[in-house]
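Participant: Sequence isn't available, so here's the structure alone:
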């Protein structure tokens, strides 16, 4: 009986260890990829689109609405009986232009976010930092 409990605990611990190693390995690879293959550059925002959706979690079930204008979502959550108890979630789309270090030409990219970076709303024409590929002028990623 005790041996079976020890084996069960050891197997669980080993399984969690394997998952932790996998997650840690992915994080290390991602950080290596950012540093080895990308350079920080300034990008200028060309288009900002902020839409929202409403979400409600009950137990393990999550219910969401379609994507709509944020002011409409805020109003519905406060005033419409069907949507009371829901929370408003953001879906932010940024389109930007940057000069690639590969060919010194202007390229564009797009980024989807669920919240504003550092809580600061970004507007068209503003600069923010991204990482541009050292090899492919069309590739960029977040910081």
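Facilitator: It's in. Values in this document were obtained by computation on a predicted structure and should not be read as measured data.
Participant: going forward, measure contacts between C-alpha atoms and count neighbours the same way
Facilitator: Noted.
Participant: roughly how far apart are residue 131 and residue 121?
Facilitator: 20 Å (CA to CA, to the nearest Å).
Participant: out of these two, which sits in the busier spot?
Facilitator: Using other CA atoms under 10 Å, the more surrounded residue of residue 131 and residue 121 is residue 131, with 21 against 9.
Participant: And the more buried one, how far from residue 139?
Facilitator: As for residue 131, its distance to residue 139 is 9 Å (criterion: CA to CA).
Participant: Residue 73 too?
Facilitator: In this structure, residue 73 and residue 139 are 34 Å apart, going by CA to CA.
Participant: chain center to the lengthiest helix in the chain, what's the gap?
Facilitator: Criterion DSSP state H: the longest helix present in the chain is helix 2-37. On the basis of CA atoms, centre = their mean, to the nearest Å, helix 2-37 sits 23 Å off its chain's mean C-alpha point.
Participant: quick one: buried residues of that helix?
Facilitator: Across helix 2-37, burial judged by 16 or more other CA atoms under 10 Å covers residue 34.
Participant: now do stretch 123-137
Facilitator: Of all the residues in stretch 123-137, those buried under the rule 16+ other CA under 10 Å are 127, 130, 131, 132, 133, 134, 137.
Participant: Show me which of the residues you listed is closest to residue 35.
Facilitator: residue 131 (9.3 Å; CA to CA).
Participant: Grab the nearest non-local neighbour of that closest one.
Facilitator: The shortest distance from residue 131 to any non-neighbouring residue, by CA to CA, 6 or more residues apart in numbering, is to residue 40 (4.3 Å).
Participant: Helix or strand next in line after whichever strand or helix holds residue 57, which one?
Facilitator: Element membership of residue 57 [criterion: DSSP states H and E] is strand 38-58. Where DSSP H and E defines the elements, the next helix or strand beyond strand 38-58 is strand 61-64.
Participant: Please name the strands paired to that next one in the sheet, noting orientation.
Facilitator: strand 38-58 (antiparallel) (DSSP bridges).
Participant: Alright, calling it a day.
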